[in-house]
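Asks: model this:
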Amino acid sequence: MIRPEMRVSELLEAHPQLLEVLIEASPAFAKLKNPLLRRTMSRLVTLAQAAQIGGLEPGALLERLNQALGLEATGEEASVGNESKLATPPPDWLASPVGFHLDVRPILAAACEVAAGQQEKRS
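Replies: So this is what the prediction gives:
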């Protein structure tokens, strides 16, 4: 059974015939035809992440891959991907953007004033 946490490289090592299924699912996966990119990038990306890159729902991609292998996903396995494994909704803070804005111009200006003051003392 193909799972969302599997790496693309694991999938293609175990089932190389699924490369064509991936490419048919989304044009974004055509880059996997390049052996160098396939060796490097596919080791970093899970199938759930790849689905998002390809503009697909993770469940839909997993279903397509499992069907290509002749496997039928049960309802629970097909829905895995965006839901919590604890069957609880994710906290609100998880959806908020990460990062902040830091304006360093006042800090740099203050440092320049200090440096200029030290230069005047030396003169």
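
Asks: only C-alpha atoms for contact and neighbour calcs from this point on.
Replies: Noted.

Asks: Give me the three-state assignment for the closest residue to L32 other than its chain neighbours.
Replies: Nearest residue to L32, sequence neighbours excluded (CA to CA, 6 or more residues apart in numbering): R38, at 4.9 Å. When classified by DSSP: H, G, I helix; E, B strand; the rest coil, R38 comes out as helix.

Asks: Could you check how far R38 is from L108?
Replies: 45 Å (CA to CA, to the nearest Å).

Asks: again, but for A95
Replies: Distance of A95 to L108, computed by CA to CA: 34 Å.

Asks: Among the two, which residue is more densely surrounded?
Replies: Counted by other CA atoms under 10 Å, A95 and L108 do not tie: L108 has more neighbours, with 11 against 8.

Asks: Tally up the residues packed near A25, please.
Replies: That count, for A25 with other CA under 10 Å as the rule, works out to 19.

Asks: wait, what's in contact with it?
Replies: G54, L61 (CA atoms under 8 Å, 6 or more residues apart in numbering).

Asks: Mind pulling up the pLDDT for E72?
Replies: On pLDDT, E72 comes in at 69.

Asks: Please apply the same query to Q67.
Replies: 91.

Asks: name the element the residue most central in space within the chain belongs to?
Replies: The chain has Q49 as the residue nearest its centroid, 4.1 Å off, counting by CA atoms, centre = their mean. Assignment of secondary structure by DSSP states H and E places Q49 within helix 47-53.

Asks: Following that helix in sequence, what is the next regular element?
Replies: Note on helix 47-53: by DSSP H and E, the next helix or strand toward the C-terminus is helix 58-68.

Asks: Pull that next one out as PDB, backbone CA atoms only.
Replies: Extracted in PDB, the C-alpha atoms of helix 58-68 (Å, rounded to 0.1, in the frame of the first residue of the first chain):
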ATOM      1  CA  PRO A  58      -2.800  13.900  -1.800                       C
ATOM      2  CA  GLY A  59      -5.600  11.300  -1.500                       C
ATOM      3  CA  ALA A  60      -6.300  11.500  -5.200                       C
ATOM      4  CA  LEU A  61      -2.700  10.900  -6.100                       C
ATOM      5  CA  LEU A  62      -2.400   8.000  -3.700                       C
ATOM      6  CA  GLU A  63      -5.500   6.500  -5.000                       C
ATOM      7  CA  ARG A  64      -4.300   6.700  -8.600                       C
ATOM      8  CA  LEU A  65      -0.900   5.200  -7.700                       C
ATOM      9  CA  ASN A  66      -2.500   2.400  -5.700                       C
ATOM     10  CA  GLN A  67      -5.000   1.600  -8.500                       C
ATOM     11  CA  ALA A  68      -2.100   1.400 -11.000                       C
END
